[in-house]
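K.L.:
starting from these lines, generate the structure:
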Amino acid sequence: DKIVDLIAITDDIRDEVAVLQQRQRDNLFVAGKPNLWNVDFKTSDIIPLPPRLQKAWHENAKTVHTFSREYNCVYLAPIVLLLILFYALIIQKFWKLKFTDADPHVVSVERIVTKHPVSSFVFFVLSIIIIILPNMPLIMIGILGIVLLVLSLAFMPKTIGQQGKRIIQFVLILYFLNFGEILFWYFGQYSRIYVTAETIVAILLTFTFGLAGLRKKTKNVHPFVRKFSLLSVLLLLLFCVAFISSLLGFMDLAVLTQKIGVKTAAIAVIIYSAYVTLRSIIYVLGEIGRSSNLTLMANRWDGFEKRGVQLLNILAIIYFFKFILQNMEIYRGLMDWLIDTLEQEWVIGTLHLSIGGILSMILILAVTLGVSYLIKTVVEDVFLPKSKLPKGVPAAISVTIRYFIVTLGVIIALSAAGIELGKFGILAGALGVGIGFGLQNIFNNLVSGIILAFERPIKEGDIIEVGTLLGIVKEIGLRSSVIRTYDGSEVIV
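P.N.:
As a prediction, this is how the structure comes out:
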C-alpha cells in the first residue's frame, strides 16, 4: 500500500511539473517583462545583499541534501575503487611495454592516458557518475560540468591543438557565466542585466573563437575544431535570439535559448573528451593484449579495437543527442511518445505484434548469435584443446552447444515478439507435413549429421572415399561436411 501511495504521489508531481513546463513553453513568445530600457531598477532588489546570498545558499543546499538523502551514493565507493585499480593496472602494464612513435595509437594514448593519468581518470569517473545519476540537482550538474571542462582543458590541448584549447576555454567561460544565473535570479530585475550581459559575452566569444575554424582554412586544424566551428553557427544564432529576447522582455525565451546554446557547446566538448579518453583506453587494452599470451584473443585484438571504437562512436552520438534533448526539456515527452509508439499493437489474426516486440526479437537474435560465436570461440580455443577427449568429441560438443544456444535464443525472440509458441507449434506442424516432402533430403542430411556428431564413426582428419572423391575430412557439420581432396580443392558433402 505504501508503494502504491508513493507511485500515486510521484505521478501527481510529474503531472504538475509537466503542466508547469507546458505553461512555460506557451509563454515563450509572450513578453512577460517590459523592454529593458523601460525597467525600473530598484535598490531594494539588490540591497541588503547578505540575506539574498543566504537564501540562495539555503535553497540550493536543501536541494542537494534532499538528493543525497534520497539517493544512497555509498555503492559508488566500490565502483570508484574498482575503476582506480583497473586504470592503475592498465597504465602500469602499458608503461612496461616498449613502444616507439611509429607504433599505431601510441602517440594518442600517451597524450591522454600516460601523460595525464590523474586528470583523465577523474574525468572518466565523473562522466560515469553523471550517467549513473542523471537526476542530480541543477547546482550539482553545474559544478560537475565546470569540473569536467577544467579537466578537459588539462589533458585535451595536446590532441586538439591550440585552437581547440581556446574553444574549451571560451566554453568554460560561457558555462561559468550561465551557472551564475542560479545566484542572480535572487536579485530581481538586476538579473535581466546579468542575462543580457551574458548573451553579449557569448556572442563575442563565439564569433571570435567558435568560428575560428571556418575562417582559418589550414591543414593543421583538428577535425574537432572544424566540426565545432560548424556548430558555432547555430550557437551564434541562439545567442543572438537570446540577446534580442532579453532586450524586448521575452525572458523565458531568452533564458531557454541561452541555456540551450551554452549547454550544447559544453556537451560537445565533454562528449568528445570522454570519447577520446575511452578510445585511448581501448587502444591500451589492445596493445596490452597483443603482448600477452591469451589464447582466446590471439589474432583478434585488431577486431576488438575496431569494434570497440565503432561502439564508442554509436554511444557518443546517442548520449550527445540525449543530453541535448534533456537540455531542451523535450526528452521526457519524446521518450513517452516513443514508448507508446513501440507498445502499440497490431492484431493479425491471432497474433499481437508491435514495433517494440519486433525490435526486441531482432536484438535478441543478434545477441544470441554473438553469444553463440563467443562461446564457440571459448570452448574450441581454450577448454577443448586442453582436454583429453577422444578425437572428434570436442567438435561434437562445440556444435551441440552452439545450436542449443541458437535454438534457445530463437524461442526467446519469438516470445518477445508476441508470438505464442503453442500456436506457432500447431502452424509449424501443419506446414511440416507439406514442407517435409520438399525438404526431405535436407532433413535426412540433418539427422545424418547428428548421428555423425555423436556416434563419431568418422572424425575430422580421417581419410575417406565418397563416390569418386578421396580426401581428408576437414569439418563435420550438422547438415553437411567438408572434404579436402588431394588436389587442394574443398568439396561440401
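K.L.:
show me where this protein has its strands.
P.N.:
Using DSSP state E, the strands of the chain run over 345-348, 351-354, 463-466, 469-476, 481-485, 490-492.
K.L.:
list the contacts of stretch 138-156.
P.N.:
With Cβ atoms under 8 Å, 6 or more residues apart in numbering as the test, stretch 138-156 has contacts from 60, 63-64, 67, 111-112, 115-116, 119-120, 122-123, 126-127, 129-130, 136, 164-165, 168-169, 171-172, 175-176, 179, 182, 266, 269-270, 273, 276-277. Every C-beta, even on glycine, is put in place using the N, C-alpha and C of the backbone.
K.L.:
same thing but at 7 Å, please
P.N.:
With contact meaning Cβ atoms under 7 Å, 6 or more residues apart in numbering, stretch 138-156 is reached by 60, 63-64, 112, 116, 119-120, 122-123, 126, 130, 164-165, 168-169, 171-172, 175-176, 179, 182, 266, 269-270, 273.
K.L.:
got a quick PyMOL command for the buried subset of the residues you listed?
P.N.:
In PyMOL, selecting the buried portion of those, with burial taken from 16 or more other Cβ atoms under 10 Å, looks like this:
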select buried, resi 60+112+116+119+120+122+123+126+130+164+165+168+171+172+175+179+266+269+270+273
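K.L.:
output the strands of the chain as CSV; include the columns distance to residue 29, mean neighbour count and mean pLDDT.
P.N.:
Below are the strands of the chain laid out as CSV (distance: least, Cβ to Cβ, whole Å; neighbours: other Cβ atoms under 10 Å; pLDDT from 0 to 100):
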stretch, distance to residue 29, mean neighbour count, mean pLDDT
strand 345-348, 39, 10, 73
strand 351-354, 38, 15, 72
strand 463-466, 81, 11, 76
strand 469-476, 70, 16, 77
strand 481-485, 71, 17, 79
strand 490-492, 70, 11, 77
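K.L.:
picking that back up, can you tell me which of the contacts of stretch 138-156 end up in helices?
P.N.:
60, 63-64, 119-120, 122-123, 126, 130, 164-165, 168-169, 171-172, 175-176, 179, 182, 266, 269-270, 273 (DSSP state H).
K.L.:
in the chain, which ranges drop under the pLDDT threshold?
P.N.:
44-45, 72-73, 99-105, 213, 215-219, 293-299, 348-351, 379-396, 419-457, 477-479 (pLDDT under 70).
K.L.:
give me the most central residue, it.
P.N.:
residue 315 (2.8 Å; Cα atoms, centre = their mean).
K.L.:
sorry, back to before: wait, which of the strands of the chain is closest to residue 238?
P.N.:
strand 351-354 (37.8 Å; Cβ to Cβ).
K.L.:
the residue lying closest to residue 238 once chain neighbours are set aside: how many residues sit nearby?
P.N.:
Setting aside the residues directly before and after it, residue 238 is nearest to residue 261 in space (Cβ to Cβ, 6 or more residues apart in numbering), at 3.8 Å. Neighbourhood size, residue 261 [other Cβ atoms under 10 Å]: 28.
K.L.:
residues contacting residue 261?
P.N.:
Counted by Cβ under 7 Å, 6+ apart, residue 261 has contacts 202, 235, 238, 239, 242.
K.L.:
could these go into TSV alongside neighbour count and distance to residue 26?
P.N.:
What follows is the contacts of residue 261, written out as TSV (neighbours: other Cβ atoms under 10 Å; distance: Cβ to Cβ, whole Å):
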residue	neighbour count	distance to residue 26
202	27	26
235	25	26
238	22	20
239	28	24
242	29	19
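K.L.:
closest one of those residues to residue 473?
P.N.:
residue 235 (65.9 Å).
K.L.:
contacting residues for that closest one?
P.N.:
206, 210, 261, 264, 265.
K.L.:
from these, which is closest to residue 359?
P.N.:
The closest of those to residue 359 turns out to be residue 264 (Cβ to Cβ; 29.0 Å).
K.L.:
that closest one contacts residue 324, doesn't it?
P.N.:
Yes: assessed by Cβ atoms under 7 Å, residue 264 is found in contact with residue 324 at 6.0 Å.
K.L.:
which one's more surrounded, those two?
P.N.:
Taking other Cβ under 10 Å, residue 264 and residue 324 do not tie; residue 264 has more neighbours (20 against 17).
K.L.:
from residue 126, how far out is that one?
P.N.:
Distance of residue 264 to residue 126, given as Cβ to Cβ, to the nearest Å: 19 Å.
K.L.:
what's the answer for residue 112, then?
P.N.:
Distance, residue 112 to residue 126, using Cβ to Cβ: 15 Å.
K.L.:
ok, residue 327 next?
P.N.:
In this view, residue 327 and residue 126 are 18 Å apart by Cβ to Cβ.
K.L.:
residue 9: what's it in contact with?
P.N.:
Taking Cβ under 7 Å, 6+ apart as the test, residue 9 contacts no residue whatsoever.
K.L.:
what does residue 28 give?
P.N.:
Contacts of residue 28 by Cβ under 7 Å, 6+ apart are 252, 253, 256.
K.L.:
what about stretch 191-201, distance to the chain center?
P.N.:
Taking Cα atoms, centre = their mean, to the nearest Å, one finds stretch 191-201 lying 35 Å from the centre of the chain it belongs to.
K.L.:
once you drop chain neighbours, what's closest to residue 187?
P.N.:
Nearest to residue 187 is residue 46, by Cβ to Cβ, 6+ apart, at 5.2 Å.
K.L.:
residues near the one you found, how many?
P.N.:
Residue 46 has 15 neighbours, counted by other Cβ under 10 Å.
K.L.:
any figure for the gap between it and residue 111?
P.N.:
Taking Cβ to Cβ, one finds residue 46 at 47 Å from residue 111.
K.L.:
and residue 128, by the same measure?
P.N.:
Going from residue 128 to residue 111 by Cβ to Cβ gives 21 Å.
K.L.:
and residue 155, by the same measure?
P.N.:
8 Å.
K.L.:
picking that back up, which ones among the contacts of residue 28 lie within helices?
P.N.:
Those of the contacts of residue 28 lying in helices (DSSP H): 252, 253, 256.
K.L.:
go through the residues you listed and name the one nearest residue 358.
P.N.:
Using Cβ to Cβ, those come closest to residue 358 at residue 256, 37.1 Å.
K.L.:
count the neighbours of that closest one for me.
P.N.:
21.
K.L.:
measure the nearest residue to residue 291 once chain neighbours are set aside to residue 118 for me?
P.N.:
Spatial nearest neighbour of residue 291, chain neighbours left out: residue 97 (5.6 Å); criterion: Cβ to Cβ, 6+ apart. Distance of residue 97 to residue 118, computed by Cβ to Cβ: 21 Å.
K.L.:
now swap in residue 233 and tell me
P.N.:
Separation of residue 233 from residue 118 (Cβ to Cβ): 36 Å.
K.L.:
next: residue 19.
P.N.:
For residue 19, the distance to residue 118 - Cβ to Cβ - is 46 Å.
K.L.:
what's the answer for residue 15, then?
P.N.:
Counting by Cβ to Cβ - residue 15 and residue 118 are separated by 45 Å.
K.L.:
try residue 273
P.N.:
Distance from residue 273 to residue 118, by Cβ to Cβ: 15 Å.
K.L.:
ok, back up a step: residue 155 and residue 111: who's more crowded?
P.N.:
residue 155 (24 against 19).
K.L.:
excluding covalently adjacent residues, which one is nearest to that one?
P.N.:
Closest to residue 155 by Cβ to Cβ, 6+ apart is residue 116, at 3.6 Å.
K.L.:
quick check on the one you found: phi, psi?
P.N.:
Per-residue torsions, residue 116: phi -130, psi 60 (degrees, to the nearest 10).
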